[in-house]
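Chemist: Coordinates for the following, if possible.
(one chain, ligands or ions: 2)
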Amino acid sequence: MRILLISANRERLPDPVYPIGLASVAAPVVADGHQVTGIDLCFESDPVASLRAAVRACAPDIVGIGIRNIDNVNMLDPVWYLPEIRTAVECVQQEFSGPIIAGGSGFTLMPREILEYLGLDIGVSGEGEATFREIVRQVSAGGELGAIPGVVTRRRREAEAPELDPAPVARIPSLDELPAPFRPLFDLGSYYERGGMANLQTRRGCPFRCIYCTYPLVEGRRMRLRSPALVADEMERLGTDFGVRHFYFVDNVFTYPPKHAVAICEEIVGRNLQVSWGCFGQPHYGGLELFRLMKRAGCSGIDFGIDTAVDDGLANMGKNFDAARVAEITEACREADLPCCHSLLLGGPTETAASLAETLRAMEGARPTAVIVGLGIRVYPRTRIQQIAVSEGIVTADSSYLAPVFYLSPHLDAGCLDIVREAAARNRSWIVPGMGINFSERIQQRLRGFGVKGPLWEYFNRIAGNRRRSGRTAYA
Ligand code: B12
Ligand code: SF4
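Modeler: Ligands and ions are numbered 1, 2, ... in the order given. I've put the predicted structure just below:
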């Protein structure tokens, strides 16, 4: 069968990211001997024309469309991607009358609503490798798609429960059974040059219950770990085949479970891979010993989802650590000489101007390498924050969440923006995406043009130093 896989994502901030989800879905069907072609809209100047040409050239029997992002989760500068994805879908529909299958992390958040919005009939909620492979088998055999586990259809909508159970998103018991993502599907070299890293995954699932978080809804709550040897094999192959040395582990929390993080690092050290990589950490897990090992294994920086540095606020967000722990792990990173970036999510339940200012002061005291400040929490169905938003009258139970909807503590007013702006002005390695502070495609392209690799926040300290010396502002 001829299969066309479309990556609809055109977001290039904070970096363009290689469509690893689609490459993962492609690998099993490539292994089955199907002819698989990819079209990536990210860097296309006329995406509709390129898409039309790709559909005509491929003459597919089946089309898959990857929907990684539906919006940029930024309350201060919201961007909604679904309208441009709908235009892409319409273009395909004009050229092709066979099955078009939607999937991806963004899609999984609201699969039926997105099918409805895009005018599509079939999608895959959650991980796609096994389900898409089965869809292709059934299409070639002329079989029924609706009964395949993971398939969501628009037609069955009325007959089904209004909300999907999050459990079915994780259907692959052992990640080691999966082939590595089929990288030639898209131009990895371009992403490496423009985005400074290649992405790969060592585990899926998150058992924690942070009140706003969709990651367990996308990957499931049950942890599934990939063997360190397979992860290192993939890193080696990416080095040999594509010249890649800089990576990002897309695991929602790399440092949990700590044993797995240790095993991955030991494998990298044992093979002397000479790579550099970044990852997400969770403050409750990790400490000096792990951070030193990570550093030895090539970790160039760790991103922590801190959210707030006020004890009540952390408890309200469903976090299992307190403000003292935030200071502790920052210090441990410093001692291990491991750069760290704290991401804040301000404006959660019970946040006041005083607690917001306290968090910013705590960041100034802790002095992580960088701080990324977010204000307002994107509300999704099936999350605790949705229930809170309903109970506080911010949304209703039957509101649509397709276009971005945000929770902001009712105790805050516009004055909180000044507090953030002033703190960012004092701290040159702070990034405030919603205010364009240290965050723009211009800065990114300039740094990438110099050959800078890895997450850019690792460099702002150094640039800020140079700019301070030359009297220029660090703002974009
Ligand atoms: C790692 C990560 C990042 C890293 C990426 C690093 C890198 N170099 O790759 C960073 C921090 C840079 C990042 C940035 C952003 N991210 Co992000 N990110 C993630 C995360 C944690 C993992 C994504 C990933 O690679 N997963 C691994 C792959 C293998 O899984 P997958 O893509 O889901 O694919 C599987 C299935 O979805 C399915 N599938 C995928 N495609 C298809 C297609 C078909 C046809 C089928 C059938 C199935 C299918 O099968 C795949 C294999 O099982 C997810 C959350 C999560 N846990 O999923 C958020 C997530 C994808 N990010 C999100 C967002 C919004 C963003 C940003 C826009 C935020 C911002 N404003 O900065 C940017 C956009 C970047 C860009 N250029 O697109 C949202 C998207 C939802 C939404 N609201 O739109 C998510 C879901 C988190 C959330 N808030 O809920 N991100
Ligand atoms: S914020 Fe992190 S730890 Fe919390 S549920 Fe989401 S992925 Fe898990």
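Chemist: Return the backbone torsion pair for D303.
Modeler: Per-residue torsions, D303: phi -100, psi 120 (degrees, to the nearest 10).
Chemist: Quick check: it vs L344, distance?
Modeler: Remark: distance between D303 and L344 (C-beta to C-beta, to the nearest Å) = 12 Å. (C-beta placed from N, C-alpha, C; glycine too.)
Chemist: out of the two, which sits in the busier spot?
Modeler: Applying other C-beta atoms under 10 Å to D303 and L344 shows that L344 carries more neighbours, namely 23 against 20.
Chemist: Tell me if the helix or strand hosting that one is near ligand 2.
Modeler: For L344, the enclosing helix or strand under DSSP states H and E is strand 340-346. No - counting by C-beta under 6 Å from any ligand atom, no contacts exist between strand 340-346 and ligand 2, the nearest distance being 9.0 Å.
Chemist: Show the average pLDDT along the helix or strand following that strand.
Modeler: Next along the chain after strand 340-346, taking DSSP H and E as the criterion, comes helix 353-366. If you average the pLDDT over helix 353-366, you get 98.
Chemist: now stretch 267-279
Modeler: Mean predicted confidence for stretch 267-279 is 98.
Chemist: mind checking the end-to-end distance for it?
Modeler: 16 Å (C-alpha to C-alpha, to the nearest Å).
Chemist: near ligand 1 at all, the helix or strand harbouring A23?
Modeler: Element membership of A23, judged by DSSP H and E, is helix 20-31. Yes - judged by C-beta under 6 Å from any ligand atom, helix 20-31 comes into contact with ligand 1 through I20, G21, L22, S24, V25.
Chemist: just checking, P349 touches S409?
Modeler: Yes - using C-beta atoms under 8 Å, P349 is in contact with S409, at 6.3 Å.
Chemist: which bits of the stretch 201-350 of the chain sit near ligand 2?
Modeler: Checking the stretch 201-350 of the chain against ligand 2 by C-beta under 6 Å from any ligand atom, the hits are C206, F208, C210, C213, Y215, P216, N252, V253, Q282, G305.
Chemist: and ligand 1, which of these contact it?
Modeler: Within these, those near ligand 1 by C-beta under 6 Å from any ligand atom are Y215, N252.
Chemist: Which ChimeraX command selects the buried ones in the residues of the stretch 201-350 of the chain next to ligand 2?
Modeler: Here is the ChimeraX command that selects only those of these that count as buried (16 or more other C-beta atoms under 10 Å):
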select :206,208,210,213,215,216,252,253,282,305
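Chemist: So which of the residues of the stretch 201-350 of the chain next to ligand 2 are in helices?
Modeler: Y215, P216 (DSSP state H).
Chemist: List the ones among the residues of the stretch 201-350 of the chain next to ligand 2 that fall in strands.
Modeler: Judged by DSSP state E, those include G305 as members of strands.
Chemist: What is the nearest of the residues of the stretch 201-350 of the chain next to ligand 2 to Y459?
Modeler: Within these, the smallest distance to Y459 is 20.8 Å, found for G305 (C-beta to C-beta).
Chemist: I'd say the closest one and Q282 touch.
Modeler: Yes - between G305 and Q282 there is a contact at 7.0 Å, judged by C-beta under 8 Å.
Chemist: in stretch 86-97, what's buried?
Modeler: Applying 16+ other C-beta under 10 Å to stretch 86-97 flags R86, A88, V89, C91, V92, E95, F96 as buried.
Chemist: just stretch 321-338 next, same as before
Modeler: Those would be 321-323, 325-330, 332-334, 336, 338, for stretch 321-338 by 16+ other C-beta under 10 Å.
Chemist: Reformat the residues you listed as CSV; add distance to ligand 1, pLDDT and secondary structure.
Modeler: Below are the buried residues of stretch 321-338 laid out as CSV (distance: C-beta to the nearest ligand atom, whole Å; pLDDT from 0 to 100; DSSP: H, G, I helix; E, B strand; the rest coil):
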residue, distance to ligand 1, pLDDT, secondary structure
F321, 19, 97, coil
D322, 24, 98, coil
A323, 24, 98, helix
R325, 22, 98, helix
V326, 19, 98, helix
A327, 24, 98, helix
E328, 24, 98, helix
I329, 19, 98, helix
T330, 19, 98, helix
A332, 22, 98, helix
C333, 18, 98, helix
R334, 22, 98, helix
A336, 22, 98, coil
L338, 18, 98, coil
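Chemist: okay, and for the chain, where does confidence drop off?
Modeler: 155-167, 463-476 (pLDDT under 70).
Chemist: hmm, try it at 90
Modeler: 154-168, 170, 397-398, 438-439, 459-476 (pLDDT under 90).
Chemist: the helices in the stretch 51-200 of the chain, which residues?
Modeler: Along the stretch 51-200 of the chain, counting by DSSP state H, counting those that start in this stretch, helices occupy 82-95, 105-109, 111-118, 129-141, 188-195.
Chemist: For G393, which three-state class applies?
Modeler: Under DSSP: H, G, I helix; E, B strand; the rest coil, the three-state class of G393 is coil.
Chemist: For it, give its distance to S399.
Modeler: For G393, the distance to S399 - C-beta to C-beta - is 11 Å.
Chemist: neighbour count winner among those two?
Modeler: Taking other C-beta under 10 Å, G393 and S399 do not tie; S399 has more neighbours (14 against 8).
Chemist: what about that one, helix or strand, and which?
Modeler: Short version: S399 belongs to no helix or strand, going by DSSP H and E.
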